[in-house]
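1. all I have is the shape, not the residue letters:
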């Protein structure tokens, strides 16, 4: 199948909301060079050879074995956008199976989760607990440290978001076994909310930069979607994710205030303090952690910006709402693995 044909096959059974991500997938595959475009800073590839495609997927995701259904007519595209340790990829490809074996895990262990959102084409995910059929407009969480096989018999389009497992395990108290390979059904509304969060990840930032606030919003939505799928109440999960997003946006505007409290945030949003803490808990975090992460994210932006090149670390910390400089330095190193000064030197 020629590359151009991959862009135009119809998706008659996909829910209407997939149009947004589908449009981004097609724009990504067009290899836009405009730096202001959502994928202007992305890495693109178009492979007309199965071996080249397999190597591309291994470099982007993990050690996989690819078997196409029609190797003689193979043509595929992949576009990937970095958001720090989180990556968003769009795949347009013909029917194939992708296998993650124990041999591949031992050869190249990767403690990563993949959230696959299926935009067109139905597939099967084989995993240790059985087989899940995933339809267009649905999503599934995959653990790169467990064997699995994804099977597409027909051409497909998909979005894949990959991120460190620790990010999600911290929010779910490491209780994620029942969520692995669990289908997030289109009828529940969870993939729709996830798609909006992914769109925010792509659109909210200049290419090549990081935006911890949009990443945290995505993790909020995913955490509540998984919890909702487990208890069978995805509409509640979507509501929690939306309110967590409102709280995060409020904190993104007010994090500079040193004495910001849950009571102040609750009053500004028209909630009770108890309701605010419940929303944070259902999102797998706390008010203090959410505020700390937003302040740390703001500090990274200031550290790497040219105009902050000669600013003292203590001044920067105060600007970001930290009263205790030693606390700022400890929290920063715990989060990013480097001291603020080393982080600045590394990223400038």
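-> Received the coordinates, thanks. The structure presented is a predicted model; accordingly, all values stated were derived computationally and were not measured.
2. where's the residue nearest to residue 339 when sequence neighbours are not counted, which helix or strand?
-> Counting by Cβ to Cβ, 6 or more residues apart in numbering, residue 333 is the residue found nearest to residue 339 once chain neighbours are left out, at 5.4 Å. All C-beta atoms are positioned from the backbone trio N, CA, C, and that covers glycine. Using DSSP states H and E, residue 333 falls within helix 325-336.
3. which stretches of the chain have low pLDDT?
-> Residues of the chain that meet the criterion pLDDT under 70 lie in 1-48, 173-175, 186-191, 204-212, 229-238, 241, 306-311, 347-348.
4. show me where it has strands.
-> 43-47, 65-68, 76-83, 86-93, 96-100, 112-120, 123-127, 130-134, 139-143, 148-152, 156-164, 183-184 (DSSP state E).
5. check which residues of the helix holding residue 333 are buried.
-> The neighbour-count check on helix 325-336 (16 or more other Cβ atoms under 10 Å) flags 325, 328-329, 331-332, 335-336 as buried.
6. check stretch 56-68 too.
-> Under 16+ other Cβ under 10 Å, the buried positions of stretch 56-68 are 56-57, 60-64, 66, 68.
7. stretch 288-307 too?
-> 290-300, 302-304.
8. isn't the residue nearest to residue 339 up against residue 326?
-> No. In this structure, residue 333 is not within contact of residue 326 by Cβ atoms under 8 Å, at 11.0 Å.
9. burial measure for the residue lying closest to residue 105 once chain neighbours are set aside, as a count.
-> Leaving aside its chain neighbours, residue 105 sits nearest to residue 145 (6.3 Å; criterion: Cβ to Cβ, 6+ apart). Neighbour count for residue 145, taken as other Cβ atoms under 10 Å: 14.
10. got the contact list for the residue lying closest to residue 322 once chain neighbours are set aside?
-> Using Cβ to Cβ, 6+ apart and skipping the chain neighbours, the partner closest in space to residue 322 is residue 328 (4.0 Å). Counting by Cβ atoms under 8 Å, 6 or more residues apart in numbering, residue 328 makes contact with 299, 313, 317, 320, 322, 340.
11. just residue 166 next, same as before
-> Per Cβ under 8 Å, 6+ apart, neighbours of residue 166: residue 111.
12. measure it to residue 176 for me?
-> Going from residue 166 to residue 176 by Cβ to Cβ, to the nearest Å gives 11 Å.
13. before we move on, what about residue 61?
-> The value you get for residue 61 to residue 176, if Cβ to Cβ is used, is 19 Å.
14. check residue 279 too.
-> Relative to residue 176, and taking Cβ to Cβ, residue 279 is found at 21 Å.
15. about what we covered before: which of the contacts of residue 328 fall within helices?
-> 299, 313, 317, 340 (DSSP state H).
16. need the contact list for the third one.
-> Contacts of residue 317 were listed using Cβ under 8 Å, 6+ apart, and they are 299, 325, 328-329, 340.
17. let's go with 6 Å and repeat that
-> By Cβ atoms under 6 Å, 6 or more residues apart in numbering, the contact set of residue 317 is 325, 328.
18. try the last one
-> Residue 340 sits next to 313, 332 when contact means Cβ under 6 Å, 6+ apart.
19. how far away is it from residue 107?
-> 37 Å.
20. equivalent analysis for residue 289, please.
-> 36 Å.
21. one step back: between residue 279 and residue 176, which one's more packed in?
-> Neighbours were counted for residue 279 and for residue 176 using other Cβ under 10 Å; residue 279 has more, 25 against 19.
22. next, the buried residues of stretch 100-120.
-> Neighbour-count burial for stretch 100-120 [16+ other Cβ under 10 Å]: 100, 104-105, 110, 112-120.
23. most widely separated two among those?
-> 105 and 120 (29.1 Å; Cβ to Cβ).
24. circling back to that earlier point, among the buried residues of stretch 288-307, which ones are in helices?
-> 290-300, 302-304.
25. I'd like those residues as CSV, with distance to residue 157 appended.
-> Shown next, in CSV, are these (distance: Cβ to Cβ, whole Å):
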residue, distance to residue 157
290, 34
291, 38
292, 38
293, 32
294, 33
295, 38
296, 35
297, 31
298, 35
299, 38
300, 33
302, 38
303, 38
304, 34
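26. closest to residue 274 among those?
-> For those, the nearest to residue 274 is residue 290 (16.4 Å; Cβ to Cβ).
27. ok, now how distant is that closest one from residue 220?
-> Counting by Cβ to Cβ, the gap from residue 290 to residue 220 is 9 Å.
28. fine by me, we can end here.
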